[in-house]
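S.K.: Give the three-dimensional model of this entry:
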Amino acid sequence: MARHAPVLDVDGMLRAPGTRIVVCCGSGGVGKTTTAAALALRAAETGRSAVVLTIDPARRLAQALGLTELDNTPRRVAGVGAGAGGALYAMQLDMKRTFDEVVLAHAAAEKTEQIFANPFYQSLSGSLAGTQEYMAMEKLGQLRAQETWDLIVVDTPPSRSALDFLDAPQRLGRFLDGRIIRLLTAPAKAGGRAYLKVVSAGLTLFARAVTKIVGAQLLTDISDFVSALETMFGGFRERAQSTYDLLRKPDTAFVVVAAPEPDALREASYFVERLSADQMPLAGLVVNRTRVSLAPGLSAQRAAVAAEQLAESGGDQLAAAILRVHADRTAAAAVESRLRDRFTRAHPDVAQAVVPAMAADIHDLEGLRQIAAALAGATSRTTPTSRTTPTSQTAPTSQTTPVSP
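M.R.: Just a heads-up that it's a prediction; the model follows:
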């Protein structure tokens, strides 16, 4: 027997003054970016000042919001929220620019040009694995510190390792405290003599191996970069940990996004378990692109039989085609329903919102509004249960009027 999942009260979550951050997470290709944009749009049109931060390098979101481009600066979306006293801003994470901003803000003035000109930094800031996740944490921390928006909606980086962005502080700490970093900072601490011993003399197995693999010049670049950035290391760690702690507060709500497919729901299950283990405030699950029966009273089997009879008798072929479509769609909907039931049995307390597949791809504000309405309409489609929206003990923060860049 199918179990009814608790309802994800999307409007309750978005309207609550205590909800300041919504984080949309999930595996790739499940509609995470569209969900994040729809949630921010819904919040703006119910009177809140919202900004959506996307990590998606594709330009779909910019097109849907009617913007010619998105970059590292929040841009106001015209025609959204003004009637209700709200506003919508959107931006796309630029890893390189965010890293540059961090250097400018926290490195010693005499070191900034040296860092920017360093070849290793130029590679690190744009392409090193993990940089995107860490810079997403940095940007979220920057946005929250500005106290400009009522609500920040984050579209997390697409990653096979589901919650890499949550691991950014720990990974950074391990990197900064690692043996290689200690060796590379030796030149600054020993007036260059340690480096000459390591690179030129090649007295250790480590030095010989690293020099052979990456080359002496790259090792020099790395050493110079680490030495120039050494005074910032503590700040990196502290800010990353501060943002991680921010995500654990009750004014944050995590929304796991999935498609009604085995792999996606398996990943969603992992997300839920990981968030619970890390004591992150989970709001619920959004199941995107679900199929519904065209005529709920007509089973897939009966529709298929009727279509076959029409075809054999030479009857209305259009009706037969419609019946076949209905049979296929109803059968698929039944499979999806069983998959969702399996997830519900494994996680009976996780609230859900089910969003039907749209007739066409989302490419404008009206399409996003349809998604937003479907998200908020979950309450009317599912048996109501107790409220599942994270409760905040944080008092509403005074707001500054957003200024469009």
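S.K.: alpha carbons only for contacts and neighbour counts from here, please
M.R.: Noted.
S.K.: Okay, now the unreliable bits of the stretch 101-250 of the chain?
M.R.: Residues of the stretch 101-250 of the chain that meet the criterion pLDDT under 70 lie in 124-130, 158-163, 168-234.
S.K.: Tell me which residues are up against the biggest strand by length in the chain.
M.R.: Longest strand in the chain, counting residues (DSSP state E): strand 282-290. With C-alpha atoms under 8 Å, 6 or more residues apart in numbering as the test, strand 282-290 has contacts from 8, 30-31, 253-260, 268, 272, 275-276, 333, 336, 350-358, 375, 388-390.
S.K.: In PyMOL, how would I select just the buried ones from those residues?
M.R.: To isolate the buried ones among the contacts of strand 282-290 in PyMOL, judged by 16 or more other C-alpha atoms under 10 Å, type:
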select buried, resi 8+30+31+253+254+255+256+257+258+259+260+268+272+275+333+336+350+351+352+353+354+355+375+388+389+390
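S.K.: Helices - which of the contacts of strand 282-290 land there?
M.R.: 268, 272, 275-276, 333, 336, 375 (DSSP state H).
S.K.: give the contact list for the closest residue to residue 319 other than its chain neighbours.
M.R.: Closest residue to residue 319 apart from its sequence neighbours, by C-alpha to C-alpha, 6 or more residues apart in numbering: residue 307 at 7.5 Å. Neighbouring residues of residue 307 by C-alpha under 8 Å, 6+ apart: 319-321, 323-324.
S.K.: top of these by neighbour count?
M.R.: Using other C-alpha atoms under 10 Å as the neighbour criterion, residue 323 leads the contacts of residue 307 with 24 neighbours.
S.K.: Relative to residue 343, how far out is that residue?
M.R.: 30 Å (C-alpha to C-alpha, to the nearest Å).
S.K.: before we move on, back to that, give the helix, strand or coil label for the residue nearest to residue 319.
M.R.: Following DSSP: H, G, I helix; E, B strand; the rest coil, the label given to residue 307 is helix.
S.K.: again with residue 12
M.R.: Taking three-state DSSP, the label given to residue 12 is helix.
S.K.: neighbours around it, how many?
M.R.: 15.
S.K.: now residue 318
M.R.: Neighbours of residue 318 using other C-alpha under 10 Å come to 12.
S.K.: so residue 151 makes contact with residue 18?
M.R.: No: if you go by C-alpha atoms under 8 Å, residue 151 and residue 18 don't touch, sitting 9.4 Å apart.
S.K.: In terms of neighbours, single out the busier of the two.
M.R.: For residue 151 versus residue 18, neighbours defined as other C-alpha under 10 Å are more numerous around residue 151 (29 against 21).
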